[in-house]
Structure formats: C-alpha cells, structure tokens
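Colleague: Starting from these lines, generate the structure:
(4 chains)
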2 protein chains.
Amino acid sequence: MADERGSTHAKRAAYDLRQRILKGEMPGGTRLYEVALADEMAISRTPVREAMSRLAEEGLLERARGGGFVVRSFSQADVVDAIELRGVLEGTALRLAAEAGAEPRAIAEAREILTRIDTALAAGDVAMLDPYGELNGLFHEEIAALCPSAIVRRELDRVKSLPFASPSAFVFKRLDSPAMINSLVIAQAQHHAMLDAIEAREGARAEALAREHARIARANLESRAKSADEGHPALALIVN
Amino acid sequence: MADERGSTHAKRAAYDLRQRILKGEMPGGTRLYEVALADEMAISRTPVREAMSRLAEEGLLERARGGGFVVRSFSQADVVDAIELRGVLEGTALRLAAEAGAEPRAIAEAREILTRIDTALAAGDVAMLDPYGELNGLFHEEIAALCPSAIVRRELDRVKSLPFASPSAFVFKRLDSPAMINSLVIAQAQHHAMLDAIEAREGARAEALAREHARIARANLESRAKSADEGHPALALIVN
DNA sequence: GGCCCCATCAATGTATACATGACCGTGTAT
DNA sequence: ATACACGGTCATGTATACATTGATGGGGCC
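Modeller: I've put the predicted structure just below:
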C-alpha cells in the first residue's frame, strides 16, 4: 500500500501498467479488464479506470469500441516511422531555434554535454556505452529546449515518449564491431554540427542534420533486426 | 436525458464541454470543478471525470497539479506555431506518400475534389466560399490518407484537431478585396501541384509545397488580426 | 435442420457515500 | 514583521452498489 511510485492509487496503477506494457507482458491488442486489474492490484475499479485513461493520453492504450481499453499495437513499420517522425520534429525544433536565435547560455550548456561525450568517446572501450547513452539523451533534451515553440516541443516530447522512438533507444549495449564505434563518432559529429548550425542561424542545415541523425537510430534498429538480437527492451511491445 | 450527441452521459458531457470550451465560454486557464459541472449537467461526478479525461486526451484540457483539470491555454504564438507544425506534418505525409508511391485510384479521387474546387472558383462570387471551405477540408483529408505511415497520419490528425490549426480554419467568410480571390487561386494552384508532385514521386517538392501552403493560413490569420476582425470562432479559446 | 428469440452473464456505465489530501486562513512564537 | 504551525473547508480520490448494455448460448418454433 506504500509503494513509492506515486501518492495515489491511480498513479501507482498507471506506473505498474506502464511497466507491464513496456515489458511486453501485455502485447499490442490485449484488452484490459477493469475488474481483473483491480483485483490483481487490490484496489477498486475507479483508480484503475483513471490509470488507463492516463495511459491513453500517453498513447500507450486506445479506447476500444464499446468501451474499455486495448494495448496499442505497433508494427515494425510503425517503429521505423516513429523514428522518422522524431527526426522531422527534432529538425523542426532546431530550425525554429536557429531562425529565432537561441540563448548563448543554453547553447553553451549543450556544448558542455558534447564535451563530456567527447571525453567518453576517447576512452573507446565498452565501458563508455552507458555514459554515452545517458549523455546522448540529455543532449537531445537540451536541444529540444532551445526550440522557441511550446507546441513543437510538446509534440516532440510526445513522440519521444514512445520507447522505441527515443533518441537513446538504440544506442548499443555491446561493441561487436569497429563499425559501431564509427557510428558513434559520426553521431557525435552531427551533434556538434547541429549546435554550430543553430549558432550560425542556419535553419535548413540544422533541420537536415536532425533528420539524418535520426537515420542512425533507424540503421541501428535494422542491423539489430538482422543480427536476430531479439528481446530488445524498447521493442517488447511490437507485434508483427 | 435523451440528447443525441452520444449514447452515454460521459460522451454527451464531453461533447458539451468541448463546445463550451471551443466557444470561448471557458477561457484558457479556467479550472473545471467536477461537482459544479455535474450539477449543471444533472449527472454524477463519475461521467464528468470521464469526459474531462477524454478532453485531456484530445489536448483541450490539462491535468492540474494536485488533481483536477484546467482548460489549456493557447497564445497567439501557439496559433502560429500550430499552423507551422501542421504544414510540417502535412509536408512529411506528402513526402512519404510521394516516396512510397500512392494508389492512382486515391490520387484520382483527390483530383476529383480539385475539379470541384475549380468549378466553385470559376463562379468568383461570395457564394462559393462555403463550398470552398468544405471542399478544401475534404481535399486535405484525402491527401493525408495517401500517407503510408499510420503514425504520421495520427499525429497530423492530432494537430489538425486544434480548431485554429485545421486547414479550413481561416478560409474567408467574406470577400472584402480582390486580393482574397487571388489567395484562393494561389492555394488551389498549390493543391494541384501537390498532387502532381506525389504522382511524379517528387518528395521534396511535395513537402515544400505543403509547408508553403500552410503559410497562406498564417497570412490569413495575420491579416484578420490586423483588420481587428475579432470573434473568429477558431480563435475563441486564445488568451494573450 | 436452420433460424430466431430470449435468458443469462459479464463487462462497462453511473450514482453516491466516505476518505484523503491540498489550500488558505488565523493564530502564535520568534 | 515574518515565519511557521495548526485546523477547517472544499475538491478530488476511492470504494462499492446498482444500472445498463452487449455478447453468447440454448431452446423452441418454423
């Protein structure tokens, strides 16, 4: 009764359900029954409904015809499209930031993160992968914050909330080939170029870079699919 | 008790609330109280909560800190940004359609709508404005349907659901100057060009056209603001 | 034998009573 | 005078009983 993941039953239930869905425990298309869930969690139907409603806002559930909720289905094609869309929206965010001009202070903060990534990359061993993934996610947060449009930032956040569309979803966890190091080096070069473009108010360049940058995530996804490395956590909720 | 706008109290309440918000009756930032609304509508709190939850999914309400819901606030800048974003997403939809290739049958259907707009435009009087607005909305639906990506279509729909970001939000209702006719002629030329681009698989052209096309809506919005033509229905919920 | 109707059940929809928690005023102590 | 603590009030959070609806299966009629 005193779980730490929220102060109300509804928030805890939403957290629990989210975890279970993201873990793939309830694949796309699974119907969620209020009574069953309320039973399992030892709470009443009311907070369960509330939780499902919140997850529907997040895009993890869909309202079913005739009432109730169903886990949203994502196909392989949806994953690719979501990454593409993330690139488009990040590109728009950066273009608007470049056109409007960004605070030098905020740009400097983003650069500072890039410096830390540079340092991690210099190590060149497998131990840098975890910091890389974290710093990468942080950097993408920082550049999204440069966008002057709250509407664009919000929609970008929304797309990034899909586990497989987030910028750090397909950063490697192992170093199987030298090509992987190269891929990180290239991505980091794009990071630097994006900031340069914003600073120089080169909107079109910033936009193009963001789109191309997202293609690295797509390529990583596809190489992962080929190497039959199933069970990637971000892909747990994909159905074919 | 037998309103026609939905079979359940929750759906009717959602419909009612949506109308009231879009009418500007409850400006951005207004807090909604369950008991008060339940009283007014002569239903219990439960369907009111359900209705508010649905409107939050639509993006019309936001969950307030400490519980409850607040009408989402949109600034003038948000309106401009939403139109820009709509252009970006429509552009992406058309680019993907062009790159993947679209069904000739579907393209023909869209062209048929354009023919009807051509006919309406030929009249050249104020009576054509209503059909124009309707056909324009229909055309934008048709071209969105050409996009092979369900994810992109969904996000585009989401943005278009904002009343001021929909393609036909700022089509004129009166003909005050010859320049307005020109604006419609230009927009229609862009419509034709978009379909041409998709047919010829010219993705970049289709994307650029969609973005430029959205700029007409933005220009209409700004000329409207200048002419102090307040009370536009799509702008009722804007707060400054 | 096939089809339709009705009973039954299981799921969500709704109402309401009660619990909890947040906000705001007032009071006091520093 | 300001900061903090306390308590009351009001809104939301939760549980639960009851209503309604939609699906399903069996039995009877054609």
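
Colleague: can you list the residues of chain A near chain B?
Modeller: For chain A, the contact set with chain B under C-beta under 8 Å from any C-beta of the partner chain comprises A:49-50, A:53, A:56-57, A:77-78, A:81-82, A:84-85, A:88-89, A:92, A:96, A:149-152, A:155, A:158-159. Every C-beta, even on glycine, is put in place using the N, C-alpha and C of the backbone.

Colleague: Filter those residues down to just the ones in helices.
Modeller: Taking DSSP state H, the ones among the residues of chain A next to chain B that sit in helices are A:49-50, A:53, A:56-57, A:77-78, A:81-82, A:84-85, A:88-89, A:92, A:96, A:150-152, A:155, A:158-159.

Colleague: show me which of the residues you listed neighbour DNA strand D.
Modeller: Taking C-beta under 7 Å from any atom of the strand as the test, DNA strand D is in contact with A:Glu50 out of those.

Colleague: Selection in PyMOL covering whichever of the ones in helices among the residues of chain A next to chain B are buried, please.
Modeller: Burial among these is assessed by 16 or more other C-beta atoms under 10 Å in any protein chain shown; the matching PyMOL selection reads:
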select buried, chain A and resi 49+50+53+56+57+78+81+82+84+85+88+89+92+96+151+152+155+158+159
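
Colleague: Point out where chain A drops to low pLDDT.
Modeller: Within chain A, the stretches with pLDDT under 70 are A:1-5, A:225-231, A:240.

Colleague: contacts with DNA strand C among the residues of chain A next to chain B, please.
Modeller: A:Arg49.

Colleague: so who does the residue positioned nearest the centre of chain A touch?
Modeller: The C-alpha lying nearest the average C-alpha coordinate of chain A belongs to A:Ser166 (C-alpha atoms, centre = their mean; 1.7 Å). When contacts are counted by C-beta atoms under 8 Å, 6 or more residues apart in numbering or on different chains, A:Ser166 touches A:Arg86, A:Gly137, A:Lys160, A:Ala234.

Colleague: Just among the residues you listed, which is most surrounded?
Modeller: Of all the contacts of A:Ser166, the most densely surrounded is A:Arg86 (27 neighbours; neighbours counted as other C-beta atoms under 10 Å in any protein chain shown).

Colleague: That residue and A:Leu156 touch, don't they?
Modeller: Yes: counting by C-beta atoms under 8 Å, A:Arg86 touches A:Leu156, with 7.4 Å between them.

Colleague: which ones are touching A:Ile117?
Modeller: A:Tyr132, A:Leu135, A:Asn136, A:Phe139, A:Gln188, A:His191.

Colleague: no, scratch that, I was asking about A:Leu129
Modeller: Per C-beta under 8 Å, 6+ apart, neighbours of A:Leu129: A:Val171, A:Phe172, A:Lys173, A:Arg174, A:Leu175.

Colleague: The first one: neighbour count?
Modeller: For A:Val171, the tally of surrounding residues (other C-beta under 10 Å) stands at 21.

Colleague: Helix, strand or coil: sort out it for me.
Modeller: The three-state label given to A:Val171 by DSSP: H, G, I helix; E, B strand; the rest coil is coil.

Colleague: you'd agree it is up against A:Glu134?
Modeller: No: judged on C-beta under 8 Å, A:Val171 makes no contact with A:Glu134 at a distance of 9.3 Å.

Colleague: SS state for the single nearest residue of chain A relative to DNA strand C?
Modeller: For chain A, the nearest residue to DNA strand C under the criterion C-beta to the nearest atom of the strand is A:Gly67, separated by 2.6 Å. Put simply, A:Gly67 is coil when judged by three-state DSSP.

Colleague: Just give the number of residues close to it.
Modeller: Look at A:Gly67: counted by other C-beta under 10 Å, it has 9 neighbours.

Colleague: Against DNA strand D, how distant is it?
Modeller: Look at A:Gly67 and DNA strand D: by C-beta to the nearest atom of the strand, to the nearest Å, they are 8 Å apart.

Colleague: Repeat that for A:Val185.
Modeller: Noted for A:Val185: a distance of 48 Å to DNA strand D, by C-beta to the nearest atom of the strand.

Colleague: if I pick that residue, what's in contact with it?
Modeller: Applying C-beta under 8 Å, 6+ apart to A:Val185 gives the contacts A:Leu121.

Colleague: where's it, which helix or strand?
Modeller: A:Val185 is located in helix A:178-199, with elements delineated by DSSP states H and E.

Colleague: Need the CA coordinates for that helix. PDB is fine.
Modeller: Extracted C-alpha coordinates of helix A:178-199, given in PDB (Å, rounded to 0.1, in the frame of the first residue of the first chain):
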ATOM      1  CA  PRO A 178      34.600  -1.400 -35.200                       C
ATOM      2  CA  ALA A 179      31.800  -0.100 -37.300                       C
ATOM      3  CA  MET A 180      29.800   0.600 -34.100                       C
ATOM      4  CA  ILE A 181      32.500   2.900 -32.800                       C
ATOM      5  CA  ASN A 182      32.400   4.700 -36.200                       C
ATOM      6  CA  SER A 183      28.700   5.100 -35.900                       C
ATOM      7  CA  LEU A 184      29.100   6.800 -32.500                       C
ATOM      8  CA  VAL A 185      31.800   9.100 -33.900                       C
ATOM      9  CA  ILE A 186      29.600  10.100 -36.800                       C
ATOM     10  CA  ALA A 187      26.600  10.700 -34.500                       C
ATOM     11  CA  GLN A 188      28.700  12.900 -32.300                       C
ATOM     12  CA  ALA A 189      30.000  14.900 -35.300                       C
ATOM     13  CA  GLN A 190      26.400  15.500 -36.200                       C
ATOM     14  CA  HIS A 191      25.700  16.700 -32.600                       C
ATOM     15  CA  HIS A 192      28.400  19.300 -32.900                       C
ATOM     16  CA  ALA A 193      27.200  20.300 -36.400                       C
ATOM     17  CA  MET A 194      23.700  20.800 -35.100                       C
ATOM     18  CA  LEU A 195      24.800  23.200 -32.500                       C
ATOM     19  CA  ASP A 196      27.000  25.000 -35.000                       C
ATOM     20  CA  ALA A 197      24.100  25.400 -37.300                       C
ATOM     21  CA  ILE A 198      21.800  26.800 -34.600                       C
ATOM     22  CA  GLU A 199      24.500  29.200 -33.500                       C
END
